[in-house]
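Q: Using only what follows, build the 3D model:
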Amino acid sequence: MAVERWCGVVSPAERALLARARPPVLDVGCGPGRIAAHLARQGVIVLGIDVAAPAVRLARARGAPATVGSVFGPVPGAGAWRTVVLLDGNLGIGGDPVALLVRVRGLLAEGGRVLCDVEPPGRPTRSLTLGLAGSTAARQPWAQVGADGLAKVAGAAGLVVRQLWTAEGRWFAELTA
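A: Numbering: from 1, shown residues only. Below you'll find the model as predicted:
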């Protein structure tokens, strides 16, 4: 994971991606809130959600509306979100990207979209376990989805890849139901 990016500011490529967001926006795995805070500063109705209470505290300190919780548990506004954001590899939350996208699809309003990033072409879609180096915290199931495998993963969840593009050395996608 690119920790510097996770804790940093929103890049120009991410700003271009977020310009596609239609409120209200749910930032899943918001971490320290850089995406949610950016959107809130733009006047966008947004909520960040993360399982880590320290991350949510950081997000709130940045000015991001955020709550502690799992995307797989109760989520405020379920079925009313017009955009769900899964950036910084968060398509891998839970280790099963199809299950995650099925859940996210259930959180979306009709006509909603998912904005995410994926691994570059040539990288496989795979499950793994993620932990912080030097940390004694429990390791978490995670997944990586390659650009080449995104259509299959999205399709299995009832979503369609509307667009896939690269910017600043990263790959981004917009998915719709």
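Q: biggest helix in the chain by residues?
A: helix 97-107 (DSSP state H).
Q: Counting neighbours, which bits of that one end up buried?
A: Using 16 or more other C-beta atoms under 10 Å as the burial criterion, the residues of helix 97-107 that qualify are 97-98, 100-101, 103-105, 107. For the C-beta atoms, the positions are set from N, CA and C on the backbone; glycine is no exception.
Q: same deal with stretch 167-177?
A: Quick answer for stretch 167-177 (16+ other C-beta under 10 Å): 170-175.
Q: cool, and stretch 28-43?
A: 28-40.
Q: Just to be careful, could you list which of those are in strands?
A: residue 28 (DSSP state E).
Q: Now compare the buried residues of stretch 28-43 and name the two farthest from each other.
A: Using C-beta to C-beta, those reach their maximum pairwise distance at 29 and 40, which is 16.8 Å.
Q: from memory residue 124 sits against residue 143, does it?
A: No: the criterion here is C-beta atoms under 8 Å, and residue 124 misses it with residue 143 at 10.5 Å.
Q: Between those two, which is the more surrounded one?
A: residue 143 (21 against 10; other C-beta atoms under 10 Å).
Q: Could you state which residue of this protein sits nearest its centroid?
A: residue 86 (1.1 Å; C-alpha atoms, centre = their mean).
Q: residue contacts, the closest residue to it other than its chain neighbours?
A: Distances taken as C-beta to C-beta, 6 or more residues apart in numbering place residue 116 nearest to residue 86, at 4.1 Å, with adjacent residues excluded. Counting by C-beta atoms under 8 Å, 6 or more residues apart in numbering, residue 116 touches 85-87, 90-91, 172-173, 175.
Q: Turn those into TSV, columns for distance to residue 64 and secondary structure.
A: TSV is the format used below for the contacts of residue 116 (distance: C-beta to C-beta, whole Å; DSSP: H, G, I helix; E, B strand; the rest coil):
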residue	distance to residue 64	secondary structure
85	12	strand
86	16	strand
87	13	coil
90	15	helix
91	20	helix
172	21	strand
173	23	strand
175	23	strand
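Q: wait, which of these is closest to residue 147?
A: residue 173 (7.7 Å).
Q: so who does that closest one touch?
A: Residues counted as contacts of residue 173 (C-beta under 8 Å, 6+ apart) are 114-118, 147, 150, 161-165.
Q: Can you turn the buried part of these into a ChimeraX selection?
A: Buried subset of these, written as a ChimeraX selection, criterion 16+ other C-beta under 10 Å:
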select :114,115,116,117,118,147,150,161,164
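Q: now, which of the contacts of residue 173 lie within helices?
A: Those of the contacts of residue 173 lying in helices (DSSP H): residue 150.
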